[in-house]
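1. Dropping a prediction and its sequence here:
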Amino acid sequence: MDDVKLVKAAQKGDMAAFEELVFRHRDKIYARAYSMMRSEDAALDLSQEAWVKAWQRLAQFQGDSSFATWTTRITINVCLDQLRKNKRQQAESIEALDEESGGVERQMPVVTVNPTERLERGELRAKIDGALNKLSDEHRTVLVLREFQEMEYEEIAKTVGCSMGTVMSRLFYARRKMAVLLAELKTAE
C-alpha cells in the first residue's frame with residue numbers, strides 16, 4: 001500500500017497501518033532530528049516524541065502535503081521547542097552561576113591555544129555545531145535542511161511552512177552568518 005492508503009487506514013484506527021508508516025519513515029525522521037540536535041540520544045528521544053504527536057494528530061492530517069513532509073514538520077517543531085528550552089535552561093544556569101560565584105569568567109577554564117596543532121575532525125565538528133547554535137532557529141533549520149539533509153527549496157518551504165522566497169532569504173543570511181562565525185574561529189586560532 002502507498003502512504004495515502006496507509007494514512008487513511010491509520011486514521012480509522014488501524015495501528016498496523018501507522019506502524020508501517022513509522023517503519024517507512026523512521027530513518028528520515030531520526031536523521032532530521034539528529035541534524036538539528038547533533039546528539040544521538042536527543043534525536044532518538046525527540047523523534048519518538050514526534051511519532052507520538054503524529055499519532056495523536058493524525059486525524060488533523062488532510063493530505064495537503066505528503067505524510068513524510070507532515071511528519072518532518074512535526075519533528076522540526078519538536079526539535080525547535082527543545083532547542084528553545086535548552087537555551088532558556090542554559091541562560092538560567094549561567095545567571096545562577098554568576099550570582100553564586102561572583103562571575104562566570106572565574107569559572108571558565110583557562111584555554112591555551114597551540115597554533116601548530118591541526119584541527120581534528122571532532123574539533124571541527126564542535127566548532128561548526130557551535131556556530132550553528134549561534135544562528136536563529138529559523139536560519140539554522142533551513143541551513144540544516146538544505147546543506148546537511150540536501151532538501152530542495154520547495155520541500156523545505158512545505159516542511160517549515162513558509163514561502164520559497166522566505167526559505168531562500170533565510171538560507172542566504174544563514175550562510176552569510178556561518179561564514180562570518182567560522183572566519184572568526186579561524187582568525188582566533
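-> Perfect, thanks for sending it.

2. how many other residues sit next to Val142?
-> Look at Val142: counted by other CB atoms under 10 Å, it has 27 neighbours. Every C-beta, even on glycine, is put in place using the N, C-alpha and C of the backbone.

3. Helix or strand for the nearest residue to it once chain neighbours are set aside, just tell me which one.
-> Leaving out its chain neighbours, the residue that sits closest to Val142 by CB to CB, 6 or more residues apart in numbering is Arg170, at 4.5 Å. Per DSSP states H and E, Arg170 falls inside helix 164-188.

4. buried sites along that helix?
-> 167, 170-171, 173-175, 177-178, 181 (16 or more other CB atoms under 10 Å).

5. Counting by contacts, list what it packs against.
-> helix 121-133, helix 137-143, helix 153-160 (3 or more CB pairs under 8 Å, 6 or more residues apart in numbering; DSSP states H and E).

6. residue contacts, Ile74?
-> 50, 53-54, 57 (CB atoms under 8 Å, 6 or more residues apart in numbering).

7. 7 Å instead, please
-> 50, 53-54 (CB atoms under 7 Å, 6 or more residues apart in numbering).

8. how distant is the longest helix anywhere in the chain from the center of its chain?
-> Longest helix of the chain, by residue count under DSSP state H: helix 67-101. In this view, helix 67-101 has its centroid 10 Å away from the chain centroid, taken as CA atoms, centre = their mean, to the nearest Å.

9. Extract the C-alpha trace of stretch 7-27 and format it as PDB.
-> What follows is stretch 7-27, C-alpha atoms only, in PDB (Å, rounded to 0.1, in the frame of the first residue of the first chain):
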ATOM      1  CA  VAL A   7      -2.700   7.100   6.400                       C
ATOM      2  CA  LYS A   8      -6.400   6.600   5.700                       C
ATOM      3  CA  ALA A   9      -6.400   3.200   7.400                       C
ATOM      4  CA  ALA A  10      -4.400   4.600  10.400                       C
ATOM      5  CA  GLN A  11      -6.900   7.500  10.700                       C
ATOM      6  CA  LYS A  12      -9.600   4.800  11.100                       C
ATOM      7  CA  GLY A  13      -7.700   3.300  14.000                       C
ATOM      8  CA  ASP A  14      -5.600   0.700  12.200                       C
ATOM      9  CA  MET A  15      -2.400   0.600  14.300                       C
ATOM     10  CA  ALA A  16      -0.600  -1.800  12.000                       C
ATOM     11  CA  ALA A  17      -1.000   0.800   9.200                       C
ATOM     12  CA  PHE A  18       0.500   3.500  11.400                       C
ATOM     13  CA  GLU A  19       3.300   1.100  12.400                       C
ATOM     14  CA  GLU A  20       4.100   0.600   8.700                       C
ATOM     15  CA  LEU A  21       4.300   4.400   8.200                       C
ATOM     16  CA  VAL A  22       6.700   4.600  11.100                       C
ATOM     17  CA  PHE A  23       8.800   1.800   9.600                       C
ATOM     18  CA  ARG A  24       8.900   3.500   6.200                       C
ATOM     19  CA  HIS A  25       9.900   7.000   7.500                       C
ATOM     20  CA  ARG A  26      11.600   6.400  10.900                       C
ATOM     21  CA  ASP A  27      15.200   6.700   9.500                       C
END
